[in-house]
Every structure is written in structure tokens, then in C-alpha cells.
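**Q** coordinates only, sequence not included:
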């Protein structure tokens, strides 16, 4: 025989930790078989039903009502357990925090430890924005664990924070590591040179712990909350944090982690990451990219790969990308012209250039909208494949016959808008036995023509061959260099070199927009962590166990959690 | 003063090498300033115009007419140069190939060297399919350099080849390396353990030469022609070549390279690559993928990265993926149920599972079409995020409170269709101080319930933590293993493990379809290359300089290149 006794309490606020402990404590009472202590939401009532605890008496409870259900084998024992509810709650409420570390209000707490730069907020969602706003008002950074905070509140909090040079991590930010101390849910990981910004909680944990397991370490790991990368919030926190980590001398590599943002936000974040002076590993979990690496930014697709790439980047910092030297180019010189004999080389070049230039035209374009009207006439930045069928009717392929390319090179060199010409020189069996002997004089002539017209013309030659090819690759390179060409031996490297140069030419005269908001203080990240905790006591305990100085605020909702009174108070506050 | 003299020759066929040499020879005649020798296509006439060689007399020439233009400073010298055209052509036509290596027909050539397994065809497009068909009729593999071959011809050639276990590389196949010998345009690269199949000519060259430059080497590099990966041709040659390289003992790593195929063809190729017993590096140039690696297949985005990944894969062959052991599972057991506390862990798991299972449902799905109707009720393969808002109203997060998960675990264990349950156990500050103490007994109970019902239940636990976390990770792992769980410490590894198992369960009873066509003979690839060359003499020279035995066919179009007669002959042939 089983007996179920229930109680419903309306309009009162209880901390979730208290509710969990109440449920556990009830289970330990004599004769109790099962218990349920939940707010009366539909989902929670369904859970009760699946455990056969949803009796008729509690079905009518609403989302703001606390349901307490006790099941026992003996009716008297079951009733006795239920009667102990207040006693059990009171026992827990004593808590484990000493009075010296307790304050009644955030304001008092801030006075108790003025060094505390961080406020952790884990009160229920509807109260959380108010507490966070109070913290910003006191000049504190905010770790906003609470969920169910409105978008409007998030926007206004982040606006205020940005104007003050403060961070709001969250809402719904489950985890962060600041100067070695974990906030919220966080693993204990080695200190090291990898800094992280993440819009995803367990993602941040998994990447930091895998970095630790693989032997690496973390400077700071900053959470943003899952909505930070939405169109509306536009990565407000991520941008601040990226900027701060870029200025932090201890951080050698930056990791950005998020579920896939909207294409616009993703593009802006990537643009910001490319301006960083450090390697940046980006994992927009499940975001498809067609290029794995661009400048200092590498895209990862899983947490493990992210951790691995970050560690590799810290171990092998890439050579500094050289600034393109623009000296000698005339004002009107802006464009790149690629004259290819190899179709797929032209194709990969266009693919790589997508990350450097807004539009590259071609007779074999990546996208039909970028088709050259006439393959014999270049337009702005152009990559021409001279091995296309239209050019090879009754004519040898340009790998064997340089005539067409030499004529085209001469034409491009006389165009006053052209700054750089890219050529592929494909060696190997079947190709021209000595292409440089014909191309080198043409390069000399082209560069001279430009020079005589008061312009600088850069010719970049991709020499595609091996040291065993019949043409003598070293000699081919020597001839081309002697003619004034810059020589690369990888298509990838050649494309990126001309891409950087053409981008720099395109951006001449564009002055960077000045930042309007004060930057986040890197010192706030790097000083010993001191914090104020408003909400879950377990976060106080986690922080103090890590050696952080914490003051806990004995927070309670205004009006003792009475719904109607609170609504009135909230409305009055918002009218101020 | 400049004089331009012209001549038009109609309806005659000239080899493009002959035309190039004629143009060069004319330039060497006394008093000649420039010359043009081209077929009268619009593009070619435009090129003449850009060099100021397009005079009125040649404007009317058609695409089948040969235009010869000579520009000189002296009228008599210019006319004299033009008068030498036939003499200059005849001088070239002598050619450099000794009579011993010449044949009049393909048939004779095949008899002269019966060991020749390969026929290179580089005659003009409209004649090429006929020559290739003849070669297949003689049981030879075909390297079809010629472009402008119709899709219908490609389809019928590849069908015939497949039925005979032969390869047709091309049409428009510019390059290949067979057993160390380059066909068409090819670089001389080191022999090694990397085999390649490519639908892109200079892409194949760039990857093979970068592999060489980086210290690696090539077994075979097989071209397919650019149209092979179209919907119509459906990767006919690529599939044969992939299969052959997979059976080739010398090939340790396979590279597949192509411009982006259609999604259907791409999916089929990837499926075929995953069945290979070797690492496969895939570069569908510019094809966006959201997952870098799945099983033995890794996606590369540039030629350089492709080369690098292939070399790494050869140096560090991954551990063999273990076959999932299906013993003990009842017939109806098919499904995976993931019960997560970490939202992003659940998200990445779904992402990885996309490569293993057709559909995975969730309350936080990658795609809305895969939404669980009720987050409390699983459907087929399901991944549930128990930290979602609906579960946490007035309830602690499942990283702190295991109650909800334990109840759900029990429920899933009683579902006769469930074979494997995946749990994340997130350690660290803030989380439950000893989650395994509560989860381990629940796992024991769940496994026992399944066992009593005659089923095997696998529980895989991802333990997300570090050795410095407050929970004592080793002890957590020990408790979970003791309870019968399989433990992984990386989300990636856990997801792939359950993915392989669930896939194997889903595929039980499905027998592989038997191959209907004979496989390509690996021995044909690995014996010393001997070939027959029909078309460009330079290919004969390139082959012999690499030590290959080659017979050259003195090919001329039927009817001496007379357009009308040829058309009639071709039509008669096709009716046979």
C-alpha cells in the first residue's frame, strides 16, 4: 500500500538549492519511498507524472506555485514527513557561510571589499537584470549566470557596460575563468598562454579541460552568454573580450567559441579577429567554412581540434605577416591581374582572394556574377585562365606556348590602374622546355613600361615545379628574379601575397574608425580575483575553495517574493 | 612604314605544334616584325586585333580557316616570308621521332608493343572519342588529353571502360602519374606512399609537387577529367581509381581532389572514401564542410594543406577503428539516447552524429525538423539537453542535481528499442561534488533491468574534467567503470564511439551490394609504363625522356581533314 501526501505553497520564493535539499531530506525521513519538490510548471508536472507522483490535488498548481509531494508506505509516516517541511527548510537556510563574509546588500558588500571587481549574479531570471545594473552602477564587472533575462535587459546592460569599460558575461553564462579562478561551473586547469572567449558554457569547459589534458594552459576564459552573437546583441561582449585578450601580454593565442552566429555577425567577428596581433582559433561549432586558415585566423570544427590547434599555435607562433610596402605605387594603381595557364591554380587563387578582396572577376569565376564580359579584357581585380577552351582552338595550351600570355602581360602593364600581375609558370614534362627564357624578357619590358609612365609594377611569379623537373627549377627562378619578379613556389603563398598587397592598395587612405568606448581594463583581469556573490551559495563555496576573496550577499527578492507586490515594485522602478 | 600580308587556308588540318612553330619561324625571317598564325575563331581574331594584325582581308575567315598574318618593315621581305609558309611547315613536319617508334594506325602500334597498356589521345576534340573507343576495343587504358569531347561520348566511353575493367582518364585530362611516369603535363616527383585521384589538372600537379617539396612521394596520381564529378558522369572514373588505389599495397594514403561536385555526388564519394581501409584526404576546392574529419576521411581546403595532411597521415597512420561488437543486443535494439547536462556538449554530439546516423532528434536540435515533440519523451535516436530552460524552472541545473537524469535513465533503460545511453558527467567547481556516487548505482540498475529483459544495454559516460578538479576524476572514472559504463574523457571521442555503435546497429542485416563490373587491374598500374601516343609529339618525347617505351601513331584525320568528307565518314561510322 502506498500513500501520497501533498502540499502547495503559492507566491513564495525559494532558492533552488534549498528545494533540492528539501527533496533529498524528505527522502531520508522514515518510511518515505519517493518525493518531488518542484515549481508547478507543465514540464515539472510531467516529470512528476512519469514518477507516478502527480496526484489530482497538485494538478491545478501553477508555474509560480511550489509543489511538495511525499510518497510513503505508511500513512502516518508520510504525513509526518510532510509536516517537517518548514523544519527541513530552516535547517538548510542556516547555510555554511560565516557572518564575516555576508552582507545584506550589494552596496554593503562592495564596501566590505572594495578590491572586488567582479559580481556573480545567480538569482532567478526576473530579478537578475536589476542586480546586474546595480553592480555596473558600482563600477563592477558582472558574471551573469541567471537565465530567463530579457533581450531588452541584455542590450541595455551591455550598452552601459561598454560605455564604462566593464564586462557583462551573460546572461545565461555558465562558466568563466578569470586569472586562474573559475566562476560558475569551471574546471581547474593549468595556467598558460591560451585565452578564450566563448558564447557556450560546456563548450568553454570542454575546450579548456582538453587543453589541460593535452598539456596546455589558460590565461583567461571569458563567457559571453549564448545570445551575445545574435544579430541584436552583435557580439558586444565578445568584441570587448577579444580586444582585452589581444592587449593582455600573457595571452599568446586566442580561442573564440560559439554556436554558429548569423553570417553578418560571423563576418564581423572574423574581421575583428584578423586585426588581432595573435593567432586566433575560431570554432563556430558546425559552421561550414570553405577555407581553413586566413592570415592569423584558423577555423576548427570540434572542441578537440580547437584545443589541439591552440596548443600548436602557442608552440609554433607563425612568422609575422609582413606589412605590404606600398612605396612607389601611383595613386590610381589599385588592381591585381592574374594571367594563368593552370585552370585550377586560377580557381584556388580566386578562392583565397575572397578573403582579401571584395570582388575578383574572371573568365572562369567562382560565381557567375563575377564573370568577365570579355575574357580578353580585364576588369578591376581579374584572374584570367588562358587555358580555357576559348583560347585553345587551334592553339597550343599556354603551358607550352607563351605567346598569348606575353601579349596580355604587355597590355596589362600599360593599364594605369594595374599594380600587380600574377603569373603561374608551370614546369614539368609536357610543359614549355624553358618558359622563363620567354617570360623574363617580357617581365622586364612590362616593368620598364610602367616605370617610364611613373608607376611601380609588381610581378609575382608562381613557379610550380620540382628540383627534378626537366626545366631546372633553380635556373627558372633565377631568370625570373633577375627580371624583377617576386617568386613563390606554392600557389597558396603566391595568392596570399598578392591578396595582402591588393588589399593594402584598396585600403589606402581609409583611416581606421576611432574607438568611442573605453577599453576593458586588462589589469582587472590580471589582479588576484576578489568577488561579490549574489545568489547560489555553492558559487561562494567554489570561489573561496579556489582562494578567492568573496563576500556573499544574502539576497532575497523584494517584497519577500510576493508576486503581486513585486510586480508593482518593478513597475515603479522602471518608471524612474 | 609597315606592311601586312595575309593568307587564309580553308578546310585543312594542322597540328597546333606545327602552327606554333610556323609562327615562330616566320618571326625569324628577315624583316618580319610580328606574325599571327591562328584558326579564325572570334577569340583568336580579337587577339590579332589587339596586336594590330587584324586587317580587313582576314576578318571574314571562319573558325575552320587557318589565318596567317605577317607584318614587316619592307614589302618585298614581308611577301617573301609569307611565300615560305609551306617550306617552314614541311621542315617541322619531319619531326624528331625515329621510324622504329612510329606506326600508321593504333592497331599496328598495339602489335608493335603488346605490353603497352596505356593509350594517350591528344588529337583535336572532334576526333578524340573515336580514337579512345578504338583503344578500349584493343583492351587499353586511355589517357584522354583532348578537350571538346561531348558528354555523350564521355558517358559511352566510361561505360565501356567500366565493363572492361579499364580506366578512361579524361576527356580534358591534362595530367597523370602512373608508376612514376608523368602523362601529359606532369612534374617529376619522388616515389612514395601517397596515391591521388584528381578531376583537376594543375591541382593534381600542385599537390603532387608540394608533396615532393615537403619530402613526401607519390605512387600513382590518376586524372579523371573535369566533368567526371558532374551529376551525369557521377564520378565513374574517380570511383574506379579510388577502388584501385585502395587495393594497391604501395598506396598508404589516398588524396581525392576536385572542384566542388554537386552535393549528391560529393555525398556518394565521401561515403565511398569512408569505406576505404586507408586515410583519405579530400579537397573539394572551396567546398564548405562543417566537420574536418570523419573516420578515415579528412577535409582539406587548399593544395598546400592537402599535401601536408597527406604527408602527416602517411607518417602517423591512425589506429585502426575497432569494429563495434554487436553481440548480445536483441533484434529490436537500435537506438541511442543521450542524456546531457551540458548544452554545447549535446550540440557537438549531434553535429558529429550527423556523419553516422540519418536522423538524431533533440529538444535542442541542429535543425528544427528534428525537434522532439516532447522533451520528456525520446524518439528513435535522441539527444536530450536536460539543462534547457524548460527543465530548470525552480530546479537546479543537472550538473548540480542528478535527480532528473536518474529518473530519465531508468525510463530509457526500459525501452526495448534502446541499445546505448550516453551521459556527460561534468566535473569542476560549481558542479555536484560527487556525481558518480549517484550515477553509478543508477547505471547498475539500468543495465540490470535491460539484462533481466534479455537485452544488452551499453552506457557510455563522458567524464568532462581534469586531474585537478575537486571531485577526483580518477575516482569518478573508477566508480563509473565499476558500474559497467564505458568511459571517455573527450566529447569528440564519446560521440564517435556511440555513433559507430548506433550506425552498426542500424545497418544490421543490410548486406553490401555486389560489384557488377570487373575492378581495374592494379597490376596495370604497377608494371613498367609502356604506352601508345596518338596526337601531340611532345607527349611522346616527354614519355621517352622518362624511360617509358612508347610507340607514336602518325595520326591524321580521316579524309585529310576535309570537313565535309569527315562529317560524312563520322556519320557512317556512328551508324555501325
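**A** That came through, no problem. Keep in mind the model is a prediction, meaning the values are calculated, not measured.
**Q** show me the contacts for residue A:420.
**A** The contact partners of residue A:420, by Cβ atoms under 8 Å, 6 or more residues apart in numbering or on different chains, come to A:335-337, A:457-460, A:498, A:501-502, A:505. For the C-beta atoms, the positions are set from N, CA and C on the backbone; glycine is no exception.
**Q** Give me the longest helix you can find in chain A.
**A** When chain A is parsed with DSSP state H, its longest helix is helix A:435-452.
**Q** average model confidence for it?
**A** Averaged over helix A:435-452, pLDDT sits at 97.
**Q** Next up, the contacts around residue A:101.
**A** Taking Cβ under 8 Å, 6+ apart as the test, what residue A:101 contacts is A:540, A:544, A:550-552.
**Q** try 7 Å this time
**A** A:550-552 (Cβ atoms under 7 Å, 6 or more residues apart in numbering or on different chains).
**Q** how close does it sit to chain B?
**A** 17 Å (Cβ to the nearest Cβ, to the nearest Å).
**Q** my read: residue A:282 touches residue A:295, true?
**A** No. Residue A:282 lies out of contact with residue A:295 (Cβ atoms under 7 Å); the separation is 11.8 Å.
**Q** which bits of the stretch 451-576 of chain A sit near chain B?
**A** Proximity of the stretch 451-576 of chain A to chain B (Cβ under 7 Å from any Cβ of the partner chain) is limited to residues A:464-466, A:468-470, A:489-492, A:538-539, A:542, A:545-546.
**Q** can you map out the helices along the stretch 251-400 of chain A?
**A** With helices called from DSSP state H, counting those that start in this stretch, the stretch 251-400 of chain A shows them at A:263-274, A:303-315, A:343-353.
**Q** end-to-end on stretch A:288-298?
**A** Start-to-end span of stretch A:288-298 (Cα to Cα, to the nearest Å) is 13 Å.
**Q** Show me what counts as buried in it.
**A** Neighbour counts over stretch A:288-298 (16 or more other Cβ atoms under 10 Å in any protein chain shown) mark A:289-298 as buried.
**Q** Need the max-distance pair from those residues.
**A** Of all pairs drawn from these, the one with the longest distance (Cβ to Cβ) is A:290 and A:296, at 18.3 Å.
**Q** who touches stretch A:227-243?
**A** With Cβ under 7 Å, 6+ apart as the criterion, stretch A:227-243 contacts A:151, A:154-155, A:158, A:162, A:167-169, A:197, A:199, A:222, A:224, A:254, A:256, A:258, A:261-262, A:264-265, A:268-269, A:272-273, A:276, A:519-520.
**Q** Give me the buried subset of those.
**A** A:154, A:158, A:162, A:167-169, A:197, A:199, A:222, A:224, A:254, A:256, A:258, A:261, A:265, A:268-269, A:272-273, A:276, A:520.
**Q** show me where pLDDT drops low in the stretch 251-400 of chain A?
**A** Applying pLDDT under 70 to the stretch 251-400 of chain A flags residues A:318-322.
**Q** Could you list the residues of it in contact with chain B?
**A** Neighbours of chain B within the stretch 251-400 of chain A, by Cβ under 7 Å from any Cβ: A:259, A:285-292, A:301-305, A:342-345, A:347-348, A:351, A:366, A:376, A:389-391, A:393-396, A:399-400.
**Q** just the buried members of these?
**A** A:259, A:285-287, A:289-292, A:301-305, A:342-345, A:347-348, A:351, A:366, A:376, A:391, A:393-396, A:399-400.
**Q** burial of residue A:194, as a residue count?
**A** Look at residue A:194: counted by other Cβ atoms under 10 Å in any protein chain shown, it has 30 neighbours.
**Q** Please report how far it lies from residue A:541.
**A** Taking Cβ to Cβ, to the nearest Å as the measure, residue A:194 falls 27 Å from residue A:541.
**Q** residues touching the residue of the stretch 351-500 of chain A found nearest chain B, list them.
**A** As assessed by Cβ to the nearest Cβ, chain B sits closest to residue A:394 within the stretch 351-500 of chain A, at 3.0 Å. Applying Cβ under 7 Å, 6+ apart, we find residue A:394 in contact with B:16, B:19, B:38-39.
**Q** swap in residue A:307?
**A** Contacts of residue A:307 by Cβ under 7 Å, 6+ apart are A:207, A:210-211, A:214.
**Q** Now rank the residues you listed by neighbours and give me the top one.
**A** Neighbour-wise, those (other Cβ under 10 Å) top out at residue A:207, 31 neighbours.
**Q** which residues touch that one?
**A** Per Cβ under 7 Å, 6+ apart, neighbours of residue A:207: A:196, A:255, A:257, A:303, A:306-307.
**Q** can you tell me the helix or strand for it?
**A** Using DSSP states H and E, the element containing residue A:207 is helix A:201-213.
**Q** got the angle for that helix vs helix A:303-315?
**A** Helix A:201-213 and helix A:303-315 are oriented at 50 degrees to each other (axes from the mean of the first three to the mean of the last three Cα atoms, to 10 degrees).
**Q** Hey, what's the angle from helix A:201-213 to helix B:343-353? Just curious.
**A** Computed by the same axes, to 10 degrees, the angle between helix A:201-213 and helix B:343-353 is 80 degrees.
**Q** can you tell me the average pLDDT over helix A:201-213?
**A** Per-residue pLDDT over helix A:201-213 has a mean of 96.
**Q** Which neighbouring elements make contact with the helix or strand following it?
**A** Moving toward the C-terminus from helix A:201-213, the next helix or strand (DSSP H and E) is strand A:218-223. Contacts defined by 3 or more Cβ pairs under 7 Å, 6 or more residues apart in numbering or on different chains; DSSP states H and E place strand A:218-223 against strand A:175-178, strand A:191-198, helix A:201-213.
**Q** number of nearby residues for the nearest residue to residue A:461 once chain neighbours are set aside?
**A** Distances taken as Cβ to Cβ, 6 or more residues apart in numbering or on different chains put residue A:485 closest to residue A:461, at 4.4 Å, once the chain neighbours are dropped. Using other Cβ under 10 Å, residue A:485 has 25 neighbouring residues.
**Q** pLDDT score assigned to residue A:485?
**A** Per the predicted model, pLDDT is 98 at residue A:485.
**Q** and it, what is it in contact with?
**A** Residue A:485 sits next to A:443, A:459-461 when contact means Cβ under 7 Å, 6+ apart.
**Q** one more time with 10 Å
**A** By Cβ atoms under 10 Å, 6 or more residues apart in numbering or on different chains, the contact set of residue A:485 is A:421, A:423, A:425, A:436, A:439-440, A:443-444, A:446-447, A:458-461, A:463, A:477, A:479.
**Q** same deal with residue A:167?
**A** Per Cβ under 10 Å, 6+ apart, neighbours of residue A:167: A:117-118, A:136, A:140-143, A:158, A:161, A:176, A:178, A:222-224, A:236-237, A:240-241, A:244, A:520-521, A:524-525.
**Q** rerun at 8 Å
**A** A:141-142, A:161, A:222, A:237, A:240-241, A:244, A:520.
**Q** do the same with residue A:180
**A** By Cβ under 8 Å, 6+ apart, the contact set of residue A:180 is A:191, A:218, A:529, A:546.
**Q** Neighbour count added to these, as JSON lines?
**A** Converted to JSON lines, the contacts of residue A:180 look like this (neighbours: other Cβ atoms under 10 Å in any protein chain shown):
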{"residue": "A:191", "neighbour count": "13"}
{"residue": "A:218", "neighbour count": "27"}
{"residue": "A:529", "neighbour count": "24"}
{"residue": "A:546", "neighbour count": "17"}
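**Q** got those as JSON lines, with pLDDT columns?
**A** Converted to JSON lines, the contacts of residue A:180 look like this (pLDDT from 0 to 100):
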{"residue": "A:191", "pLDDT": "97"}
{"residue": "A:218", "pLDDT": "98"}
{"residue": "A:529", "pLDDT": "95"}
{"residue": "A:546", "pLDDT": "95"}
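**Q** wait, which of the residues you listed is closest to residue B:249?
**A** For these, the nearest to residue B:249 is residue A:218 (45.9 Å; Cβ to Cβ).
**Q** ok, residue A:530 touching residue A:116?
**A** Yes. Between residue A:530 and residue A:116 there is a contact under Cβ atoms under 8 Å: 4.2 Å.
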